[in-house]
Every structure is written in C-alpha cells, then in structure tokens.
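J.: sequence and predicted model, in that order:
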Amino acid sequence: MTDTSMQTTATPIRRRLDTTSPEAQAAVRRRYRAEARFKAYGLLAILTAAVFLVVLLVDIVSKAMPAFTTTALQLDVAVPGDLVPPDQKYNPAAIRSADYLPVMREALRTAIPGVQGRGPERTLLRLLSPGAPDILRERLAADPSLIGTTFKVPLLLSATADLYFKGAGTPIIARAGRGSATPSGTSGTITVTAPGNDFSENLVTLKLAVAERARTLAAEAERTARGNAPNAAERANELRAEAAALAARAKDPASAEALDSSLPTLLAEINGGLVKISQLAANRIEGDVLLRLATADEAKPGDWRIVTYATPESGRKITDLEVAFLERFKAKGHVESGINWRFFTSGDSREPELAGIRGAVVGTALTLFVTLILCVPIGVAAAIYLEEFAPKNRFTDIIEVNINNLAAVPSIVFGLLGLAMFLNFFGLPRSAPLVGGLVLALLVLPTIIIASRAALKAVPPSIKEAALGVGASHQQAIFHHVLPLAMPGIMTGTIIGMAHALGETAPLLMIGMVAFIVDVPTSITDAATVLPVQIFLWSDLPELAFKAKTAAAIVVLLVFLFIMNGMAIWLRKRFERRW
Amino acid sequence: MTTVYFITLACLVVAGYIIAARRARALRPSSGAAVHSLPTYHGLLAAASLIVPMILMFAIGSPIVKQLATSSVFSFFPPEIANDPLQRGVILRDVANLLEGRYQGEPSAALRDAAASYARFFWTGRLVVLGTGIAVGMAALLLVLSRISASFRARNHFERFVLAVLLLCALVAILTTIGIVFSVVWETYRFFFDPSLKGRPTITDFLFGTEWNPQAALRADQGEIKTAYGFIPLLTGTLLITFIAILVAGPLGLFSAIYLSEYATPRFRAWAKPILEILAGIPTVVLGFFAALTVAPLIRGWGESFGLDIASESALAAGLVMGMMIIPFISSLSDDVINAVPQSLRDGAYALGATKSETIKKVVLPAALPGIVSAFMLAISRAIGETMIVVMAAGLAANLTFNPLEAVTTITVQIKTILVGDQEFDSAKTLAAFALGFVLFFVTLMLNIIAQQIVRRYREQYD
C-alpha cells in the first residue's frame, strides 16, 4: 500500500473526506487500475486454458490427418496362369496362400522398365507394403477367373513411401536446361557435358553452401576450444583445418565440386532417364544413373532438366533412388490416395501402414461392457442404500468417508489391486477385458455412487411421502416412484463415469493389457488391449508413421468421449426437472 | 459347464417365480383377513430363495472341483517334477492344451493319463456341483412353496432380502479399500521383512536412501547385482513435477474460478465452463502424448535458442502439461467454494466503498480460504498420483536434482516401469513397486483426509 492511500485511510474520521483533492483522485484511479488489472488476470487465466485446449486439439488433429488417408500404386498386374496349381484354381484358401512376391515384382518391372541390379530392384520392391497384395489376393479369391489375366489393382505403398507423398519428403525444384547436353551412356556411371555452362548456377549455390559449412565448422571449432572436454584443443585444431580447407574450396570458382548426402541432391533428367550428380563443374557433370536413359543422344536445349531435391539426403528418411522411383510413378499417374479404411478395420501391426485400431476398439467395448454391467447395478444399489435405507450410525459414516476417499485414490493404485488380487490371488487371465473391466468398475464405482446419490437426493421428499401415504412400503416408494424420477440423473452420472473409464490407461498397464495383440478379441477372456493403451503403445514406437497413427487413434478416442459427454449433456437437458 | 449351470439356474428361477405367483394368486383370504402379500412378492421370494443357495453352491463348488482335478494331475508324475512350482505350471498348461486339442507334438503317456484324469475329475465334479445346486435350490423353493398362505408375509421377507443385497453393494466400496490396503500392505511387508527375499532393503534404506536402481536377478547363479532402493530421488522428482504443476495450475485455476464466479456474464460462463470441462475430460494419455511430442521439443528448442541445455524429458514439460490438466480441477472446486460465500458479505464490503477486486481479495477469498486450501491439497494429491503424463514425458533415470530442466523420475513412473512386462512376482524389484504403491496410497489418502479436516474445522458457518 502506498503513502497516499495510507493517509486517506488513516485520517478521514475527523476531517471531511476530500474526494476532489488530486491525491484522492489519484488514489481512486490507482484503485480502478488495480481493479482492471485483477479482472484482466482472471480473463487471461481462462484464455490460457482455452488456448492450451485449442492448441492441443489442433496439434493432435493436424498430426492425425496423414493417418486417415493412404497411398497406393495403381498398377497393371499380370497374374500368371500358374499362380496356383490348376486343380486348386477354385480354392480360395490356396489362392490366398499363393506367393505374390514375383507377381508384384513383375508389375513393378513393367511400370519402371530398366531397373537393373539386385539393390535397386529390392529398393523398388520395398516401396510396397508387406500388405500390398491383400487387395489383389481378395479380388482373385472372389473371382478366380481373373487368374491368367492382366488388370489394374491398387498396391499399398510402404509407410516411408506413403509419408513421402504426404509431404515428409523434399521440395523438388526443376529447371529446364538452356543449352544442349550429351550423356556418355545410358546406365552405370556416366558424364553429361553441357557446353552452355548450364550447371554454373548450381555450382555457385554449391560453393555458397560449402562456404556456409566452413563458417559453421569454424564456429564449432571455437566452441570446442572454449569447452573443457578432454583434448579440446586438438579437436578444435582439426575442425579449424577442415574449415579452412572448405573455405578455400568455396573461393575457387573453377574447381569441380563433389556432392554428398549432406547437401541438396542435384539430378539431371535427360532422355527419359535420371542421373544423380556426384561431381559438378560448370559445363559437365558426372554421376550414377538412377533411372535408365532411353538413348545416349544429345538432348536439345529445353528437352532436359536440372532437378534439385532441396532436402539433403541425410536429412530425410527416404533415399534419392526411392524419391526418383516415386516421382516416376507419380509422373505416370500410378499414385492414388484414398481414405485409410484399413485403419478402422484391422488390428495392430508392426507395419505402420497396416496397423489399425479395430482390435483396440473391440477390446475397449468389451472392457467397458464388463465395467458397465458391474458398476451400474452395484453403484445404484449402494447409492439407494446409503441415501434411503442406511441408519445414521458410525458404520454408515465409515462407508461414506470411504467412498469419498476412494474417489481420490490414484488410478494406478487400482491397477496394483488388480494385479495383486485378480491376477495373482484369483488367477484370472492376464490382459483380459474381464480383469480390465473389473478394475475399471472399482475405479468408477465411487463416481457413480456419488452421482446417483445426488440424483436421488434431488427428488423431492413429497414424492416419497405421497407414496407412503397411499400405503406403499418404503421399498415400493423408492423403487416405484423415487428411482424412476432419479433415473436421468443416474444415467448422466453413469455416462460421465464411463467416459472416465474410457480414458483410463494406467491401471490397465498394470494388469498386462499392454501386449502386442494382432487379433481382434472375441470374448472377455481373450487377450486384448484398449484404445488408450494402444495410444500409449504406439506413441512409444520409433517409426515416424506411428506418430500419425497415434494421433489418429487419439482423435478416435476423443470423438468417442465427445459423443459420450454430449449424450450426458443431452440427457441432462432433456430430462432435467426443477421441482 | 458354467453356462449350463446358469441356464439351469435361470430356468429354475423363472419356473419358481411362476409357480409361486400362481399359487399365491389362487389363495383365498381365510376367516376375514386379506391375503398379506401380492402374488408377485411370493414369486419374487421364491426366485430369490432359489438364486442365493444355487449361486453359493457354485461359488464354493467350482474352486473345490478345480483344486481336486488339478491335484489329481500331479499323481501321474514323479514327485521331483510334481513338487517343482515351475514344472507344475508347465504340466497344467500342457494338460489344458491337450484337452483343447491345441497340443503340439506327441504327448507322453503320463501326460495323456493326467489329462484324462483331469477331465474325468473335472466333469464328474462339475456334474456333482450342478446336481447339488439343483437339489439345494429345489429344497429352498419347496420350503417357500410350502409356506405360501394368505397370512405369509412374503413381501417383508423379500424386502429384507433386497435390503441385504443393497447393503452388500454398499459394502463393495469398503471391500475395495480393504483389497487395496491388503494387497499393497502385504506386499510391502514382504518387501521389507520376507527373509527369503534377496536384496531387500531396510525401511531406513528405503526412506532415506538417495540412490534408486532396482534390478532383479534373472537367474539364481547370477550372483550379486548392485541394487539400491533409495526412495529420496523418486520423492524429489515427484515433488518437483508436482510443484511445477501447482505453480502453473494454482494461479491459473484460482483466477479462472474468481473470474467465472465474480466477473463473468452468464453468457461468458456458458462458454468458459464447457471449455474447462472439456479440458478436464481429456484423457491423460492424450496429454502425455502432447507433452512428449509437442511441448518437450518446444521447450528444448527454446532452451537451445537461449543456450540452455534442456533434457528432452525435462521435468518442466511434464509439469507444465500436468498443470494444465489440473487447472479445471482447481477452478471447479474453488468456483464452488467462492460461490458458497454469502452475498451479504460482498454487499457489506461494497457498502464500505471497496472495489470488486478489493472485496474479493479482502473478503471473499479469506472467507473461502479453507475450501481453496483443500482444493489445492486435492490437486496436489491428484498430481502426485498422475501416471500417464509422467510416464510419457518424464524420464526413467532417478536423478536427485531440483533443476526443472533435467530429467527426473516419479513414483508412478517407477511403478509402471517395474510392473509392465515383469511377470516374476517374488523378486524384491517387483515388490518394490508395491512399496511405492503403498507410499502413494498413503500420501494421497493423508492429503485427502487433511483436506477434508481443513474444510470441516475452519469453515465459517454463515447464516
């Protein structure tokens, strides 16, 4: 408190309060400013929470979007007539178990001719998912007459390729050659000469990048020299020498530059093929052929292009060769993306592009089913007893205090209870929805009891008294008159409790619902996992593609939660009664 | 067999209800007195009298049958195999697989005999249970049927039964608590005092040790492995993250509550309340994902731009997000207590010329203080027990530090790490998780009780 306000509060009694004096007005202004500030703090607090929520949701939805679409190659697949032995031709099981690897390899070969060597071929094949032949397989099993024919079928791309088309690759810049260019061959390591000095611009950019790297190295050298790591000086000198060499190279405009994977990739697209440049001079390049050239003829000005993959190869998950293949597929119009239905219809998988949430969703449904049929009758019955029948004594007090405390016990402790009691003492199966449901039922029981008691309390006593007055027994009055009127409130509480159970993860980790389970569970004793645990499991995986899957699973979970909470709000609005 | 039993039970119950109700309907009031109970109640009583003994019979009979069948299996194996707990498990699994036709390879003669014996015991046992169950149920039903008369007080009997069921349901809450206490206390006791346990610490080691490094010997011949069960680093880690969370959530939650209850127009309230409710409803696994993948790299990036070296699993990231989780908790509890302060107190302050914020600071908050303090204590208890955010965003290594930029671990993280995937139940490492669970349970319970006591003792009674 400041001096002026001290004076105004300390001496007003005898003297007439002078509200017009400058001091008094200043004090009033100050108090009003404090008032505005205080109010702003409150608003700011709520806005912070709101902004956090919005950022959270936007972040997760934007991370999730890639997982809801999937990319496939629409290729002409020639199914050989001898895919299955002739006598097995109408046996779907035999068709499903046939070897599709050669079929796919052949389809890829037809789409990109001229890929030579085991390495590039394998790279090409690895662009497809292990689950790529699934659609083909099902189509053949459904219609065996297609065996021996050629038809278009979508082949699922691998997660890496899929991510590439979703923007995790590299920006590509292409520029038409101004002069002519002549390749020295069509495959292997070749040189391309361009007398018009077409590559000089790239050389300049490259020199700049080299100079930049020299500066970074020099800075790092200084940092190392200042640091107190062992042999810091030695290391710093090494770095300095390296930096100096680079700087010298950057200054010399005539020398050819070697490209490596830490620099943007440069390629020459010429005569229908693609050369990855490894040595760059102003008028000629040397490099490996990624996609075979049709001829070794001279390419006219404008007929060939210099292509840059702007992200260095070491800075992305996908190699230049893979990018070249994928771009070729794209240019030929083979790439097609669609909604990722598999995400909703299949179980977990180690391959991100094949993994789905159906197993987790079914597991969640089974678990919540067990929870529901256990905790609603027990919770409502307990609430009725405590609210309507319990005598007021110590014992009832203990139960009440106990329920309140139970509501605040950390959920992981319920997991310990499940592990020690249900698994080890009673010997129930691990990872089963039965045990998960039991644990969650105990967890949400206090919530449901408290909500049901509130709902029962909200029914006016006059209802019960009227029933008693016309001769109903106490139980008849409760079960026939009070309970039906409290039902909407009880249901609202139940749904909120269930939403709570739906998002619960920690206790389920304790009882082993973390196993990797591919199959969709069919009964409450099957090993299963639930949606939140699936989210946890996926979030732990290193593959980039699983991040999107995790976010997508979160979106599904949040949608379920919003539906449940919306239902609760609707129930409250629809049936709420003011007495 | 279980299905058969319960289908029989259901059929008998329906039949019993119909017979009893029909018989009661046929009753004629004798000598002036009306029939005491409605036919429905006679029917319900009959049904209840069937259900109770039959379910009891099943609950007692099934484990006994299972026990008998299991013990019959081992008589086919030499004692050195039959007495080894590990081998016993293998044998039982083999028998189960053989009976379900999933056994791989050719079973040995002993195994085949054992399986046959198991099946024989199992099926005869189950049939005996079924037979006795039906007999007992019928006996109870006949007893009820024999007593049906105009003056029989079936409703009173049935209502007594209902009351017992209701009481039983209310007792589930108590049973849960007993179950929790029993499981954590017993395992904790073994952790400290079981003489057969290798590497168990003393209570002093546990409570005051500064190193946490639980390791389980995988084989008996592995010799000495360095283990340490010092609880202090976990405690400091938990408190550090909790402190950050409360630092975030305390002011934000309290100010939100003040604004919502004192300043906000009804329209703003109608918008802001659901936002906080949605935030409260976001599962913690989602918040953990956000903390680990978005907040932690962000903080790390900021730190780098200021030249700070921040661990990617820093306490700060976990604490911040946990604070966000707790905001709605504090704000809704504080909102309730602020709303409970009578309007007359505010009016009095306004009459003296206080501004709104002065009224809040000097009148409303002091009046609501016990409630707010208890809200904070509940929030602390919630933060200490929170698992998923810290599991996903905080570290595993037990560093004894108060630096929020470093990785720390918490009690809940360690419980999860020890118990997930580890199936061996008799190692000090596993039991350590229960000891941690005991600490967690005890601390949160204490915080709760204190919170309730504060409210009860210091609450001002107005009007």
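T.: Happy to help now that I have it. Numbers count the residues shown, from 1 in each chain, chains lettered A, B, ... in the order given.
J.: distance of B:R160 relative to B:R456?
T.: Look at B:R160 and B:R456: by CB to CB, to the nearest Å, they are 35 Å apart. In short, each C-beta sits where N, CA and C put it, glycine included.
J.: neighbour-wise, which of these two wins?
T.: Neighbour totals were compared for B:R160 and B:R456, and B:R160 leads with 14 against 10 (other CB atoms under 10 Å in any protein chain shown).
J.: count of neighbours near B:A228?
T.: 17.
J.: residue 331 - how many residues pack around it?
T.: With no chain named, the answer covers chain A. Neighbours of A:A331 using other CB under 10 Å come to 9.
J.: nope, chain B please
T.: Count around B:S331 with other CB under 10 Å applied: 31.
J.: next one: the one 5 residues further on
T.: B:D336 is flanked by 14 other residues according to other CB under 10 Å.
J.: that one falls within a helix, correct?
T.: Yes: counting by DSSP: H, G, I helix; E, B strand; the rest coil, one finds B:D336 located in a helix.
J.: for stretch B:441-456, what is the average pLDDT?
T.: Here stretch B:441-456 scores 89 as its mean pLDDT.
J.: contacts for it next, please.
T.: For stretch B:441-456, the surrounding residues in contact (CB atoms under 8 Å, 6 or more residues apart in numbering or on different chains) are A:401, A:404-405, A:408-410, A:413, B:180-181, B:184, B:370-371, B:373-375, B:377-378, B:380-381, B:384-385.
J.: could you rerun that using 7 Å?
T.: The contact list for stretch B:441-456 (CB atoms under 7 Å, 6 or more residues apart in numbering or on different chains) reads A:405, A:408-410, A:413, B:180, B:184, B:370-371, B:373-374, B:377-378, B:380-381, B:384-385.
J.: what about that stretch, distance to the chain center?
T.: Here stretch B:441-456 is found 18 Å from its chain centre; the criterion is CA atoms, centre = their mean, to the nearest Å.
J.: same deal with stretch A:81-99?
T.: Averaged C-alpha coordinates place stretch A:81-99 at 38 Å from its chain's average position (CA atoms, centre = their mean).
J.: same thing with stretch A:372-390?
T.: Relative to its chain's centre, stretch A:372-390 lies at 40 Å (CA atoms, centre = their mean).
J.: for it, buried residues please.
T.: A:372, A:374-376, A:378-390 (16 or more other CB atoms under 10 Å in any protein chain shown).
J.: neighbours of whichever residue of the stretch 401-550 of chain A sits closest to chain B, how many?
T.: Nearest to chain B, among the residues of the stretch 401-550 of chain A, is A:P410, at 2.5 Å (CB to the nearest CB). The number of residues packed near A:P410 is 26, by other CB under 10 Å.
J.: now the phi/psi pair for it, please.
T.: phi -60, psi 140 (degrees, to the nearest 10).
J.: and the pLDDT at it?
T.: 91.
J.: and the strands in the stretch 1-150 of chain A, which stretches?
T.: A:69-78, A:150-156 (DSSP state E, counting those that start in this stretch).
J.: measure how buried residue 68 is and give me the count.
T.: Using chain A here. Counted by other CB under 10 Å, the residues lying close to A:F68 total 16.
J.: chain B was what I was after
T.: Using other CB under 10 Å, B:L68 has 14 other residues around it.
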